[in-house]
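Visitor: below: sequence and its predicted model.
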Amino acid sequence: MPQIGWLEILAVVIIAILVLGPKEFPIALKKIGSYVGKIKNLFSSFQREVSSVTSDIDLEKDIDKAEEKNKSNKDKTDE
């Protein structure tokens, strides 16, 4: 995977300032920052949902194991 260095970032910033102009560049940065924040929040909420679903599945497995154990213990005491 290619790495981006400071020189490449500086080149992109200079080109963006030349294309957008010095007045529009801060506005564009603010919009990009808000989009990045929204995407981070989206991924964070997605990760929380996946974690909650997997923990629910783990809890269901634990409940099933406990029920089987109780059933086997009950069968042993009935004998």
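Guide: Received the coordinates, thanks.
Visitor: which stretches of this protein have low pLDDT?
Guide: 1, 71, 73-79 (pLDDT under 70).
Visitor: what packs against the lengthiest helix in the chain?
Guide: Longest helix in the chain, counting residues (DSSP state H): helix 25-78. On a contact count with 3 or more C-beta pairs under 8 Å, 6 or more residues apart in numbering; DSSP states H and E, helix 25-78 meets helix 6-20. C-betas here are computed from N, CA, C, even on glycine.
Visitor: how far off centre is the helix it packs on?
Guide: 29 Å (C-alpha atoms, centre = their mean, to the nearest Å).
Visitor: and if you look at stretch 29-37?
Guide: 18 Å.
Visitor: check stretch 48-63 too.
Guide: Here the centre of stretch 48-63 is set off from its chain's centre by 17 Å, with C-alpha atoms, centre = their mean.
Visitor: buried sites along that stretch?
Guide: Residues of stretch 48-63 include none that count as buried (16 or more other C-beta atoms under 10 Å).
Visitor: then stretch 55-71 to CSV, C-alphas only?
Guide: Listed next in CSV are the C-alpha coordinates belonging to stretch 55-71 (Å, rounded to 0.1, in the frame of the first residue of the first chain):
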residue,chain,number,x,y,z
SER,A,55,-22.6,-10.0,22.4
ASP,A,56,-26.3,-10.9,22.1
ILE,A,57,-25.4,-14.1,20.2
ASP,A,58,-22.8,-14.9,22.8
LEU,A,59,-25.4,-14.4,25.6
GLU,A,60,-27.8,-16.7,23.8
LYS,A,61,-25.1,-19.4,23.6
ASP,A,62,-24.3,-19.0,27.3
ILE,A,63,-28.0,-19.3,28.1
ASP,A,64,-28.4,-22.5,26.0
LYS,A,65,-25.3,-24.0,27.7
ALA,A,66,-26.7,-23.2,31.2
GLU,A,67,-30.1,-24.7,30.3
GLU,A,68,-28.4,-27.9,29.1
LYS,A,69,-26.3,-28.0,32.2
ASN,A,70,-29.3,-27.5,34.5
LYS,A,71,-31.2,-30.2,32.5
